[in-house]
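Engineer: When you get a sec, could you give me coordinates for this:
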Amino acid sequence: MRIGVLAERSGVSRDALRFYERQGLIRADRHQNGYRDYSEGIVSLVALIRQAQALGFTLAEIGALLQGLGSGLSQGEIEAVLREKLAEIDARMAALVELRAVVETRLEKACPLGMS
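Structural biologist: I've put the predicted structure just below:
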């Protein structure tokens, strides 16, 4: 399928698809005229990439996971990657809670008339 069809089916822009291809996340065959030709399975792969991004994975992490899946990562190895991502998310959440407390304290100490 051509890139326009893939963009429509996946809900991802053509530019994003080209970027994914440059990053090695997806692959297209090329016709003599230069047009990209994507297989039907790419729609599911793009959906997986988008879901992983929504879960907080970087494109580099997604690329490593896809490469690992292609080379037969075990369920335990996939779980380890996901546990590591959860720990990273927990650390970010803790940092945000701390930042919120600092901002809240500053707000409480701020003079409403700006005369502190």
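
Engineer: burial count for the nearest residue to residue 13 once chain neighbours are set aside?
Structural biologist: In space, residue 13 comes closest to residue 7 once its chain neighbours are excluded; the distance is 6.0 Å by C-beta to C-beta, 6 or more residues apart in numbering. For every residue, glycine as well, the C-beta is placed using N, CA and C. By other C-beta atoms under 10 Å, the residues close to residue 7 number 18.

Engineer: In contact with residue 7, which residues?
Structural biologist: Residues in contact with residue 7, defined by C-beta atoms under 8 Å, 6 or more residues apart in numbering, are 13, 14, 17.

Engineer: which helices and strands does the lowest-mean-pLDDT helix or strand in the chain pack with?
Structural biologist: Lowest mean confidence among the helices and strands of the chain (mean pLDDT, DSSP states H and E): helix 59-70, at a mean of 83. Under the contact definition 3 or more C-beta pairs under 8 Å, 6 or more residues apart in numbering; DSSP states H and E, helix 59-70 sits against helix 42-54, helix 75-109.

Engineer: What lies in contact with the first one?
Structural biologist: The contact list for helix 42-54 (C-beta under 8 Å, 6+ apart) reads 1, 6, 9-12, 17, 20, 25-26, 28, 59, 61-62, 65-66.
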